[in-house]
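Asker: 3D, please:
(one chain, ligands or ions: 1)
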Amino acid sequence: MNKAVIIALDFKNFEETKAFIDQFEESLYVKVGMELFYAEGPQIIKYLKEKNHKIFLDLKLHDIPNTVKSAMKNLARLGVDMVNVHAAGTIPMMKAAVEGLIEGTPEGENRPLCIAVTQLTSTSEEMMQEQILINETLPNTVLKYAQFTKEAGLDGIVCSALETKEIHEKLGLDFVTCTPGIRQASDSVDDQKRVVTPEKARELGSDYIVVGRSITRAQNPVETYQLINKQFLGL
Ligand SMILES: O=c1ccn([C@@H]2O[C@H](COP(=O)(O)O)[C@@H](O)[C@H]2O)c(=O)[nH]1
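Answerer: The predicted structure follows:
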């Protein structure tokens, strides 16, 4: 398993994204989410691919199986490395997502990894129980959703690093854990609820950490990225 720090490019438009990306000399693993993709569309993916960056397209699909399958067929043609859905869409929807990806991936290319969001890192156990009406503990909910995700044939999940250890123990080390909600101890947590430092995420066994504002708002984003990379990879 390749571990990596994925930088969340939560920017308004192409110009802001380019100004950020141009500061880096190395090839990165970046995440394009709803904000940037809805503003710029597939051309932002083309630009990042031309610059040799790996891409997680984080659109969190959640709809009826037929719609998700067709949407995934289109996303597969973009040549990104990873896409995702919400596990709450249920097993048939997740199976349809993988079918769409397989059908849409051009011959001779690997299909993108497909992972499912279990519970957003901005959700606390209390919020999940009182506002999503799931009468369970948060770790058990993440585990159960992860089991459904694996049963549907996906490659892994989005969860908090706090849940990673148990997921790998129960579902295997090759089941991908992609973990946002990463902050340095001195950072503001903003809207995140389940927050972990890069070192702790490494200790707990996350495969990927997703870091947005800690890097994008830093005075020196390149140095901050390199520091977080070292902390996570244990270099
Ligand atoms: O559960 C989830 C799923 C996705 N995200 C995304 O990750 C980044 C985190 O950004 P920060 O600035 O580091 O908080 C953001 O793009 C979210 O959409 C998540 O945070 N939690």
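
Asker: which bits of the protein sit near the ligand?
Answerer: Applying Cβ under 6 Å from any ligand atom, we find that the chain lies next to the ligand at 8, 10, 33, 117, 120-122, 158, 180-182, 190, 192, 210-214. Bear in mind the C-beta positions are built from the backbone N, C-alpha and C, glycine included.

Asker: let's see that with 5 Å instead.
Answerer: Within the chain, the positions adjacent to the ligand are Ala8, Asp10, Gly33, Leu120, Thr121, Val158, Pro180, Val210, Gly212, Arg213 by Cβ under 5 Å from any ligand atom.

Asker: taking those residues one by one, which sit in helices?
Answerer: Cross-referencing the residues of the chain next to the ligand against helices under DSSP state H gives Arg213.

Asker: strands of the protein, start to end?
Answerer: Secondary structure of the chain (DSSP state E): strands at 4-8, 29-33, 54-61, 82-86, 113-117, 156-158, 176-179, 208-211.

Asker: with mean pLDDT added, can I get these in JSON lines?
Answerer: Below are these laid out as JSON lines (pLDDT from 0 to 100):
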{"stretch": "strand 4-8", "mean pLDDT": "99"}
{"stretch": "strand 29-33", "mean pLDDT": "99"}
{"stretch": "strand 54-61", "mean pLDDT": "98"}
{"stretch": "strand 82-86", "mean pLDDT": "99"}
{"stretch": "strand 113-117", "mean pLDDT": "99"}
{"stretch": "strand 156-158", "mean pLDDT": "99"}
{"stretch": "strand 176-179", "mean pLDDT": "99"}
{"stretch": "strand 208-211", "mean pLDDT": "99"}
